[in-house]
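> Provided below are the primary sequence and the corresponding predicted coordinates.
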Amino acid sequence: MRLFPVRTLSVSLLALAAVPAAAQDAPAGLPPTPPPGTIAADTYTIGVGAVTLPSYEGSDNNNILPAPGALISHDGYFLTVLGTRASLDLIRNEAGPVWDIQAGPIAVLNLDRTRRSTIDDARVEALGDRNAAIELGGFVGIGKTGVLTSDYDQFNVTLSYRYDVANAHESGIWQPSVSYFTPLSTKSAIGLFATAEHVGDRYARYYFSVPVAGAVASGLPTFNADGGWKNFQLGAIGTYALTGDLLHGWKIVAGGTYSRLQNDFKDSPVVSIAGDRDQWLGTVGIAYTF
């Protein structure tokens, strides 16, 4: 079972994850901004929610699945676990309106089309299931606190690369991302993001090609997909503290993304005939920060 989409909303949640760090310096009752060089305060957030997402990448039908997650800031280091995606920023975060260099490992368990029972199209189901891909790699980025609205909003630019080491699609994925987020008060925050993915030929063939045998089994025409820019994504997410504030207590989180497939990925019969190039995803959940 897919616990969380590896290709969409996780990026916006990663952006929002830094909001508590920014909020620790926010106005309206919180302490003054610490001087540069001060290590960001420790915060620990765990949560669970429900996500609606396409039954496979390119599908025009959505499934509803659980979406667990954890965001841990400890001694200036930041660990993010969002369903089947995890990353660790190994460069210490500082508090206050400063520049933030980011770098570390990233791991993704890609379970797309690994169970035919989750695919809501008989033709795509007839193409057979896929093996789980374990995508390992790293990311680099730079962020700035204190950009537009105050000393407390943040803007980030990151680039990640991961490669499947489980002999599934056996391909690499480049993912540039930009994100902006800001606390609106001690109780609420919002985040916006944009990202895209560039994948290799073997990824394209594994998920989007239709070989002769697959065409016979499914009734879809044959198709040979080449790699390249697979999609772009836009999203927004917000959080509101039900008890306490952004740094302590219960909060509700909700958001969504829009993704549009490009090039051979939109032209594949898996998408153009059986699915839809426009992909929508939404989530709502509850989390606790201490």
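Structure's in. What do you need? Here the structure is a predicted model, which means the values were calculated and not measured.

> And the helices in the stretch 101-250 of the chain?
122-126, 201-208, 212-218 (DSSP state H, counting those that start in this stretch).

> buried stuff in the first one?
Applying a neighbour-count criterion of 16 or more other Cβ atoms under 10 Å, the buried positions in helix 122-126 are 123-126. In this view, the C-beta of every residue, glycine as well, is placed from N, C-alpha and C.

> Mean neighbour count, the helices of the stretch 101-250 of the chain: which tops it?
Highest mean neighbour count of those: helix 201-208, a mean of 22 (counted as mean count of other Cβ atoms under 10 Å).

> tell me what that helix is packed against?
strand 228-241, helix 263-267, helix 269-272 (3 or more Cβ pairs under 8 Å, 6 or more residues apart in numbering; DSSP states H and E).

> Check which helices and strands the shortest one sits against.
Here helix 269-272 touches helix 201-208, going by 3+ Cβ pairs under 8 Å, 6+ apart.

> and Ala103, how many neighbours?
14 (other Cβ atoms under 10 Å).

> what sits opposite it in the beta ladder?
Taking DSSP bridges as the rule, Ala103 bridges to Val140.

> Run through the residues that contact it.
Shown in contact with Ala103 (Cβ atoms under 8 Å, 6 or more residues apart in numbering): 89-91, 138-141.

> Scan the residues you listed and report the most crowded one.
Asp89 leads these on contacts (other Cβ under 10 Å) with 24 neighbours.

> Skip the chain neighbours and tell me the closest residue to that residue.
Phe78 (4.2 Å; Cβ to Cβ, 6 or more residues apart in numbering).

> Could you do Val284 as well?
Ala254 (4.4 Å).

> Who does that neighbour form a beta bridge with?
Here Ala254, judged by DSSP bridges, has bridge partners Gly238, Val284.

> cool, and Gly69?
Going by DSSP bridges, Gly69 forms beta bridges with Gly47, Leu82.

> so how many other residues sit close to it?
24.

> same thing with Asp75?
Counted with other Cβ under 10 Å, Asp75 comes out at 9.

> And Gly143, by the same measure?
What Gly143 shows, counting by other Cβ under 10 Å, is a neighbour count of 21.

> how about it, what does it touch?
Applying Cβ under 8 Å, 6+ apart to Gly143 gives the contacts 18, 99-100, 102, 154-157.

> Any chance of CSV for those, columns pLDDT and distance to Ala67?
Shown next, in CSV, are these (pLDDT from 0 to 100; distance: Cβ to Cβ, whole Å):
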residue, pLDDT, distance to Ala67
Ala18, 43, 19
Trp99, 91, 32
Asp100, 92, 26
Gln102, 96, 24
Gln154, 92, 23
Phe155, 95, 26
Asn156, 96, 22
Val157, 97, 26
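
> Sort out which of these are buried, if you could.
18, 100, 102, 154-156.

> from the residues you listed, which ones fall inside strands?
In this view, the buried ones among the contacts of Gly143 that belong to strands under DSSP state E are 100, 102, 154-156.

> hang on, the earlier thing: export the helices of the stretch 101-250 of the chain to TSV and append columns for mean pLDDT and distance to Thr45.
Output for the helices of the stretch 101-250 of the chain, formatted as TSV (pLDDT from 0 to 100; distance: least, Cβ to Cβ, whole Å):
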stretch	mean pLDDT	distance to Thr45
helix 122-126	96	36
helix 201-208	98	32
helix 212-218	97	43
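
> Turn these into a markdown table, including distance to Lys266.
As requested, these are arranged in a markdown table below (distance: least, Cβ to Cβ, whole Å):
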| stretch | distance to Lys266 |
| --- | --- |
| helix 122-126 | 15 |
| helix 201-208 | 9 |
| helix 212-218 | 18 |
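
> can you tell which of those helices is closest to Leu109?
Leu109 lies closest, by Cβ to Cβ, to one member of the helices of the stretch 101-250 of the chain: helix 201-208, at 15.3 Å.

> got a list of contacts for that closest one?
57-58, 112-113, 130, 164, 168-173, 223-228, 230, 264-265, 268, 270-271.

> picking that back up, quickly name whichever of the contacts of Ala103 is closest to Thr52.
For those, the nearest to Thr52 is Phe139 (26.8 Å; Cβ to Cβ).

> Next up, the contacts around the closest one.
Going by Cβ under 8 Å, 6+ apart, the list of residues near Phe139 reads 87, 102-104, 106, 158-161.
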